[in-house]
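Engineer: coords below, sequence missing:
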Ligand SMILES: CC(C)(COP(=O)(O)OP(=O)(O)OC[C@H]1O[C@@H](n2cnc3c(N)ncnc32)[C@H](O)[C@@H]1OP(=O)(O)O)[C@@H](O)C(=O)NCCC(=O)NCCSC(=O)C[C@@](O)(CC(=O)O)C(=O)O
Ligand SMILES: [Mg+2]
């Protein structure tokens, strides 16, 4: 299982951050060429990120570049440069329709061909940040076989909705639910939006818990300080792992008796609960938790 719990935004114009971003061990680093870059710095940021990707070793951390949209003067140049730089993923911001993705895909394909690269070498992600994008979420999520995930952008979304962000997040509840449902239906990753108040650690952890509970795989983040809390929330607790192992042991016993339904800890257990238990164990293993070898073969 590929973990995408944390995708750290790194302003593409900041040389020191671009050079060192991987040392904090987020699951992915995302060099930004879009909204954190002033208009007069677009070209220099693109060049900086291009050279960084070509020359630096990010030691296995997944690399992502948020490009500018094709409706801006920078999107085409970003695609050309980034296909030649070779990040793992290109992320398109403010995606509103399946067509937006198909247009980007076609340009990537042309650049791959021109550069003599294997077609499909670069994956795509789409950030959805508007009401129209949310209404089209499933069409976007299924627009391309390169698309490995969709991400929510709440700051732009609430602006487009003529509201603002609250701590409880009621104004983005529908959008979050719609986006994660579309991702699950398409079988791709879902990433929650950034939390901008770096001093509100409690509010951040509450938001991460909610995102996990809604079904998200992880979160876009803006600071290395936000990595540990997200990884802690997404790691199954010892009690969750132990409960999952009890389910697996119970179901192994049930199979011997030719029955598909059993009770564990007084609760009925059947196929969906077994699937969830398997996922908890997979997440625990992927997060580096040790599961005794004999337990993996029940
Ligand atoms: C906020 C702040 C300036 C604070 O800096 P500060 O330096 O005060 O922070 P400190 O904690 O003191 O840093 C301690 C050490 O970590 C280093 N360090 C910090 N942050 C680092 C980092 N990100 N990458 C690598 N390194 C980092 C730093 O260099 C220092 O290193 P050192 O000096 O060696 O000790 C900084 O974090 C930052 O720029 N963040 C990214 C902001 C950004 O990209 N925004 C755009 C994306 S959102 C958007 O567009 C909305 C959206 O589209 C989003 C959606 O998708 O949801 C929507 O619509 O919603
Ligand atoms: Mg945005």
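Structural biologist: On my side now, so go ahead. In this text, all values refer to a predicted model and were calculated from it rather than measured experimentally. Ligands and ions are numbered 1, 2, ... in the order given.
Engineer: Only C-alpha atoms from now on, for both contacts and neighbour counts.
Structural biologist: Will do.
Engineer: which stretches of the stretch 151-298 of the chain form strands?
Structural biologist: Remark: strands assigned in the stretch 151-298 of the chain by DSSP state E, counting those that start in this stretch are 189-192, 218-221, 262-264, 267-269.
Engineer: Just the buried positions in the last one, please.
Structural biologist: Looking back up the chat, that one is strand 267-269. Under the neighbour-count criterion of 16 or more other C-alpha atoms under 10 Å, strand 267-269 has residue 269 buried.
Engineer: In terms of secondary structure, what does it contact?
Structural biologist: In terms of contact count using 3 or more C-alpha pairs under 8 Å, 6 or more residues apart in numbering; DSSP states H and E, strand 267-269 is assigned the packing partners strand 262-264.
Engineer: Partner strands of the strand it packs on and their direction?
Structural biologist: Applying DSSP bridges, strand 262-264 is found paired with strand 267-269 (antiparallel).
Engineer: List the buried residues in the top helix by length along the chain.
Structural biologist: Looking across the chain with DSSP state H, the single longest helix is helix 238-256. For helix 238-256, the neighbour count (16+ other C-alpha under 10 Å) marks 241-252 as buried.
Engineer: And residue 276, how close does it get to residue 269?
Structural biologist: Distance, residue 276 to residue 269, using C-alpha to C-alpha, to the nearest Å: 11 Å.
Engineer: could I get the strands of the stretch 151-298 of the chain as a markdown table with mean pLDDT and distance to ligand 1?
Structural biologist: Output for the strands of the stretch 151-298 of the chain, formatted as a markdown table (pLDDT from 0 to 100; distance: least, C-alpha to the nearest ligand atom, whole Å):
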| stretch | mean pLDDT | distance to ligand 1 |
| --- | --- | --- |
| strand 189-192 | 98 | 7 |
| strand 218-221 | 98 | 6 |
| strand 262-264 | 87 | 40 |
| strand 267-269 | 87 | 37 |
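Engineer: just these: most buried one?
Structural biologist: Of all the strands of the stretch 151-298 of the chain, strand 189-192 has the most neighbours on average by mean count of other C-alpha atoms under 10 Å, namely a mean of 28.
Engineer: and it, how far out from the chain's middle?
Structural biologist: 4 Å (C-alpha atoms, centre = their mean, to the nearest Å).
Engineer: neighbouring contacts of that strand?
Structural biologist: With contacts defined as C-alpha atoms under 8 Å, 6 or more residues apart in numbering, strand 189-192 is touched by 5, 148-153, 176, 179-180, 183-184, 211, 216-220.
Engineer: which residue sits closest to residue 51, ignoring its sequence neighbours?
Structural biologist: Sequence neighbours aside, residue 85 is the residue nearest to residue 51 in space, at 7.4 Å (criterion: C-alpha to C-alpha, 6 or more residues apart in numbering).
Engineer: So the one you found is in contact with residue 47, correct?
Structural biologist: No. Here residue 85 lies out of contact with residue 47, judged by C-alpha atoms under 8 Å, at a distance of 9.9 Å.
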